[in-house]
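Q: Kindly generate the corresponding structure for this input.
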Amino acid sequence: MAAVFVMAWGMVFLTGTQLGISGIGRKSWLFLVLWKFSYQFTYANLIIRAAAIVLVLVIANKWENPANKLSWTFLILLSPILGIMLYFLFGRSGLTKHTREQMDAVNREVDACMPVDEPKLSKLGIILCF
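A: The predicted structure follows:
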């Protein structure tokens, strides 16, 4: 087992993935600091757990796949700090307001560049509703 570990560790350094490992280390450090903070300070722990419960209630009231809601609920309730961090990184399926505004701006530019030829559309049987 030790030989496999040594070989894998050597491959990590030979392939140049130190940046990926250091990124994981930084995120792990943040998780550990927040976890230690929540258990040393009772009020902070209560606030984090209350935020986790509110987030679970918000997730439960969304119109999504029930399996998706259940998995996020378990993760957030079992490990509130990690669960909340992961949910805000990966769990939100909707677009942000900024992204929606950018997409609307691009759609307006594209619509302005595409003229509508109504006689050809009427020959094809397409009815315009705008």
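Q: Show me where the protein has its helices.
A: 2-14, 18-40, 42-60, 66-78, 80-86, 97-113, 118-124 (DSSP state H).
Q: for these, which one ends up most surrounded?
A: Comparing the helices of the chain by mean neighbour count (mean count of other CB atoms under 10 Å), helix 80-86 ranks first with a mean of 18. Just so you know, the C-beta spots here come from the backbone N, C-alpha and C atoms, and that holds for glycine as well.
Q: now what about it, what contacts it?
A: With contacts defined as CB atoms under 8 Å, 6 or more residues apart in numbering, helix 80-86 is touched by 31, 34-35, 38, 48-49, 51-52, 55, 72, 75-77.
Q: Try it again at 6 Å.
A: Applying CB atoms under 6 Å, 6 or more residues apart in numbering, the contact partners of helix 80-86 are Phe31, Leu34, Trp35, Ile48, Arg49, Ala52, Leu75, Ile76.
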